[in-house]
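A.B. asks: Sequence and predicted structure below; questions after.
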Amino acid sequence: MFEDKETETFFTVVHMFQRSAMANLGLLEHPEGGLRFNFSEAKDIIDIIQMLRNKTQGNLDPSAEAMLKGVISELQMQFLQAPKRKKKIEEEEANMENLRQTFENPQQAPVEDITSEE
């Protein structure tokens, strides 16, 4: 797939950074378990990949350059969407906790009045 072994190794490094950024954006399970959000860490990693692109400009073949550009673009897009994803996950977790508490202690659960007053 790559022009030479050095380019392949370069993309192995890029892929390691990419996975780390994705884990910090809640897109992959964190190595310690569960989803995590660390936006400053994700931004730093994206900046590092961008720096690698700047430093290797003119030294990669066109397909490798396009692949690197694509990795950066995708991470930047995911970075922008991550706060919404985090909020949605937190809301879902809160709803699940409410549901769990309802089943554990139904007498304290909220009650919905479904009687009609006609």
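C.D. replies: Thanks, I have it. Residues are numbered from 1 along each chain as shown.
A.B. asks: Show me what the lowest-mean-pLDDT helix or strand in the chain is packed up against.
C.D. replies: Counting by mean pLDDT, DSSP states H and E, the chain has its least confident helix or strand at helix 62-104, which shows a mean of 91. Secondary-structure packing of helix 62-104 (3 or more C-beta pairs under 8 Å, 6 or more residues apart in numbering; DSSP states H and E): helix 5-24, helix 39-56. To be clear about C-beta, it is placed using only N, CA and C from the backbone, and glycine gets the same treatment.
A.B. asks: Using neighbour counts, pick out the buried residues of the longest one.
C.D. replies: Across helix 5-24, burial judged by 16 or more other C-beta atoms under 10 Å covers Thr7, Phe10, Phe11, Val14, Phe17, Gln18, Ser20, Ala21, Met22, Ala23, Asn24.
A.B. asks: what does the last one give?
C.D. replies: By neighbour count, with 16+ other C-beta under 10 Å as the criterion, the buried positions of helix 39-56 are Ala42, Lys43, Ile45, Ile46, Ile49, Gln50, Leu52, Arg53.
A.B. asks: got a pLDDT number for the last one?
C.D. replies: Pointing back at Arg53 there. pLDDT for Arg53: 96.
A.B. asks: Is it correct that it is in contact with Ser73?
C.D. replies: No - between Arg53 and Ser73 there is no contact under C-beta atoms under 8 Å: 10.7 Å.
A.B. asks: one step back: I'd like the buried residues of helix 5-24 laid out as a markdown table, including distance to Gly34 and pLDDT.
C.D. replies: Shown next, in a markdown table, are the buried residues of helix 5-24 (distance: C-beta to C-beta, whole Å; pLDDT from 0 to 100):
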| residue | distance to Gly34 | pLDDT |
| --- | --- | --- |
| Thr7 | 34 | 87 |
| Phe10 | 31 | 92 |
| Phe11 | 28 | 92 |
| Val14 | 25 | 95 |
| Phe17 | 21 | 97 |
| Gln18 | 20 | 97 |
| Ser20 | 16 | 95 |
| Ala21 | 17 | 96 |
| Met22 | 14 | 96 |
| Ala23 | 10 | 94 |
| Asn24 | 13 | 94 |
